[in-house]
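# Sequence and predicted model, in that order:
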Amino acid sequence: MSQPTALSPRRQQTRQRLLDGALTVFAREGFGRSTVEQVCAQAGFTRGAFYSNFTSLDELFLAIWEQKSEAMRGALAAALEADLPPVKDLREAVEHVLALVPVDDEWFRVTAEFTAHALRTPALRRVVAAREEGIEAALMPLITALLARVGLRVTDPDALGPALVAAHDGTSVQCLVAPDDKAVRRRRTDLFVLIVTSLTEPVSNHPATKEHP
């Protein structure tokens, strides 16, 4: 099988401007109402530039999604490689990780609409499901390792990933609807702590569990 051809710096720049422009248009207009022409106008390119990089708005969105997911994986990987800040309990560890996955108003609006679009398109729905499984598979080793740093072992990896994703998606809505309500943010953290507690167990003889049983 031949390897993908590397993009030239100019082509990479064009592609990135289209991705950035599309995200702005999708958030402003709504995915279902956005057009190739609007994306091109926002990015400062012609339709020819668009179609030399993407076959459709669906493909463009999936490229944005992959880039966002890669950034999240990178942030978690960097946190794993660095020394975690001192934490006195699981709650502080959860707050540290949640800070790496912020609630993004613009991105949430775009993904919510695209998900509804994908649910009406069987082939696209399968692509989305496969990509979500791939992202979860990539993130779980990082999450497991981060929890191990605070003395916790995951007891059910198959359940923890979907539970954390569901909690993130659900509480994101609440945080965006009431952005200034500190109680909403507090309950968001409470839920993540509860999920992690129910699907992990302390590691014997780990310094964190010795100091903070």
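Noted; the coordinates are in hand. No experiment lies behind these values; they were computed from the predicted model shown.
# In this structure, which residue is most central in space?
In the chain, the centroid-proximal residue (C-alpha atoms, centre = their mean) is Ser69; its distance is 4.9 Å.
# can you list the residues that contact the one helix or strand that residue maps to?
Here Ser69, judged by DSSP states H and E, is contained in helix 57-81. Applying C-beta atoms under 8 Å, 6 or more residues apart in numbering, the set of residues contacting helix 57-81 from outside is 15, 18-19, 22-23, 26, 31, 34-36, 39, 50, 54, 96-97, 100-101, 107, 110-111, 114, 117, 121, 124, 127, 131, 135, 138-139, 142-143, 145-146, 149. From N, CA and C alone the C-beta is placed, and that goes for glycine too.
# Repeat the analysis, applying 7 Å as the threshold.
Applying C-beta atoms under 7 Å, 6 or more residues apart in numbering, the external contacts of helix 57-81 come out as 18-19, 22-23, 31, 34, 36, 54, 100-101, 107, 114, 124, 127, 131, 135, 138-139, 142, 145-146.
# Going by neighbour count, which residues of it are buried?
Judged by neighbour count (16 or more other C-beta atoms under 10 Å), helix 57-81 contains these buried residues: 57-58, 60-65, 68-69, 72, 75-77, 79-80.
# cool, and stretch 184-204?
Going by neighbour count (16+ other C-beta under 10 Å), the buried part of stretch 184-204 is 185, 188, 191-193, 195-196, 199-200, 202.
# Inside helices: which ones of those residues?
Filtering these for membership in helices, criterion DSSP state H, returns 185, 188, 191-193, 195-196.
# Ala93 is in contact with Val150, correct?
Yes. Using C-beta atoms under 7 Å, Val150 and Ala93 qualify as a contacting pair, with a distance of 4.6 Å.
# thinking again about what came up before, state the mean pLDDT of the helix holding Ser69.
The predicted model assigns helix 57-81 a mean pLDDT of 87.
# by contact count, what packs against whichever helix or strand comes after that helix?
Reading on from helix 57-81 to the C-terminus, the next helix or strand found by DSSP H and E is helix 90-100. With contacts taken as 3 or more C-beta pairs under 7 Å, 6 or more residues apart in numbering; DSSP states H and E, helix 90-100 sits against helix 57-81, helix 182-198.
# what's the closest of the ones you listed to Lys88?
Among these, helix 182-198 comes nearest to Lys88, with 13.2 Å by C-beta to C-beta.
# what mean pLDDT does that closest one have?
Confidence for helix 182-198, expressed as mean pLDDT, is 96.
# Taking helix 90-100 as reference, get the angle to the top helix by length along the chain.
Longest helix of the chain, by residue count under DSSP H: helix 122-149. Compare the direction of helix 122-149 with that of helix 90-100 by axes from the mean of the first three to the mean of the last three C-alpha atoms, to 10 degrees and you get 140 degrees.
# For the next helix or strand after helix 122-149, give the mean pLDDT please.
Past helix 122-149, heading to the C-terminal end, the next element that is a helix or strand (DSSP H and E) is strand 152-154. Mean per-residue pLDDT for strand 152-154: 93.
# Run through who's touching strand 152-154.
Among residues not part of strand 152-154, those counted as contacts by C-beta under 7 Å, 6+ apart are 144, 147, 160, 199-203.
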